[in-house]
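*Asks:* Could you look at this predicted model? Sequence included:
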Amino acid sequence: MSQRKPWFLSLVRRYVHRRLRREFDGVWVAGLSEAAALLRQGPVIFAPTHVSWWDAFLVVAVDQALNSTSHCLMDAENLRKLPFFGWIGALPIDRAGGARARAGLLAGAQRAQKPGEALWVFPQGRQRPSHLRPLDLQPGIRLVERLSPAPIVPVALTYLFRQTERPAALLRFGRPISGPLLPELEAALIDGLSEIDRFVDTGQGPFVPLIGGPATAAQAGIGARALVSLHRPEVQP
């Protein structure tokens, strides 16, 4: 059962925005408009790489930018220790597997049934450096695929240093998976991570700053800021 509390989520969003702005050289995104368009048509399951503790902050920020009603599967033991995560949309999943894990996946899938509803599932099931191959995707997401009518969208997520003392947080939303889930998802996530690498290396790519960091505001062009502003005014850099 969801314990999502809109009033608490509103407070957390302000806190998350401040922390991300202070700690990172921007939160850079690509494919956000396409993901938002999918959500207007129906529910979506987002499948991001899982790199660090900061991932939850990024989910909160992107949920706001997408104007979605998001839930995210979270390790049940951690959620018991930090129950307030349930107030912003976390749902428990027992990583030990078995019936409890299936029940958690079912509960999550039921939260992605209508337009504007999203479920975030970290298919690796644990934090893992984004450069390691294979990505070690776990099979639980296949059950979510069977239980929900929502398309599964890969989200390459990582943190890299550009040319400042702080790392940048970067997310690349891919196209919905259309073939066999696990191999196609693995390939799409790796492609997204490679695209992030190219952006950091060359400065070229479709990435725009969702949240500006200390060094980002001067670098972001007027067009990039306008794109984010039009999409979600309250999260412009």
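*Replies:* Structure received.
*Asks:* contacts, neighbours, all on C-alpha from now
*Replies:* OK.
*Asks:* Need the per-residue pLDDT for the nearest residue to Val200 once chain neighbours are set aside.
*Replies:* Distances taken as Cα to Cα, 6 or more residues apart in numbering put Arg162 closest to Val200, at 5.8 Å, once the chain neighbours are dropped. For Arg162, the model assigns a pLDDT of 91.
*Asks:* what does Leu106 give?
*Replies:* Reading off the confidence values, Leu106 has pLDDT 91.
*Asks:* got the contact list for it?
*Replies:* Leu106 is in contact with Leu143, Val144, Leu147, counting by Cα atoms under 8 Å, 6 or more residues apart in numbering.
*Asks:* For the residues you listed, which entry has the maximal number of neighbours?
*Replies:* When neighbours are taken as other Cα atoms under 10 Å, the top entry among the contacts of Leu106 is Val144 (24 neighbours).
*Asks:* so it makes contact with Gln110?
*Replies:* No: if you go by Cα atoms under 8 Å, Val144 and Gln110 don't touch, sitting 9.2 Å apart.
*Asks:* For the nearest residue to Pro48 once chain neighbours are set aside, give its distance to Pro123.
*Replies:* Among residues not flanking Pro48 along the chain, Val155 sits closest, at 4.2 Å (Cα to Cα, 6+ apart). Distance, Val155 to Pro123, using Cα to Cα, to the nearest Å: 11 Å.
*Asks:* any shared contact partners between those two?
*Replies:* Common contacts of Val155 and Pro123 (Cα under 8 Å, 6+ apart): Ala47, Pro48, Thr49.
*Asks:* nearest to Glu184, of these?
*Replies:* Ranked by distance to Glu184 (Cα to Cα), the shared contacts of Val155 and Pro123 are led by Ala47 at 12.0 Å.
*Asks:* strand partners of the helix or strand harbouring that closest one, parallel vs antiparallel please.
*Replies:* Per DSSP states H and E, Ala47 falls inside strand 44-48. Sheet pairing of strand 44-48 (DSSP bridges) gives strand 117-120 (parallel), strand 152-161 (parallel).
*Asks:* any chance of those in TSV, plus mean neighbour count?
*Replies:* Conversion of the strands paired with strand 44-48 to TSV gives the following (neighbours: other Cα atoms under 10 Å):
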stretch	mean neighbour count
strand 117-120	26
strand 152-161	23
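*Asks:* Can you tell me which of those is nearest to Leu185?
*Replies:* Nearest of those to Leu185, taken as Cα to Cα: strand 152-161 at 6.4 Å.
*Asks:* Residues in contact with that closest one: which ones?
*Replies:* Residues outside strand 152-161 that contact it (Cα under 8 Å, 6+ apart): 44-51, 130, 145, 167-177, 185, 188-190, 192-193, 200.
*Asks:* Now with 6 Å, please.
*Replies:* Here strand 152-161 makes contact (Cα atoms under 6 Å, 6 or more residues apart in numbering) with 45-49, 167-177, 189, 192-193.
*Asks:* And the residue nearest the centre of the chain, how close does it get to Thr202?
*Replies:* Residue closest to the average C-alpha location in the chain (Cα atoms, centre = their mean): Val59, at 4.4 Å. Distance, Val59 to Thr202, using Cα to Cα: 26 Å.
*Asks:* pLDDT weak spots in the chain?
*Replies:* 1, 214-237 (pLDDT under 70).
*Asks:* Going by secondary structure, Arg175 is in what exactly?
*Replies:* For Arg175, there is no helix or strand it lies in under DSSP H and E.
*Asks:* just Leu38 next, same as before
*Replies:* Applying DSSP H and E as the criterion places Leu38 in helix 32-41.
*Asks:* so what's the closest residue to Val121 other than its chain neighbours up against?
*Replies:* Spatially, and ignoring its direct neighbours in sequence, Val121 is nearest to Ala47 (5.1 Å; Cα to Cα, 6+ apart). Residues in contact with Ala47 (Cα under 6 Å, 6+ apart) are Val121, Phe122, Val153, Pro154, Val155.
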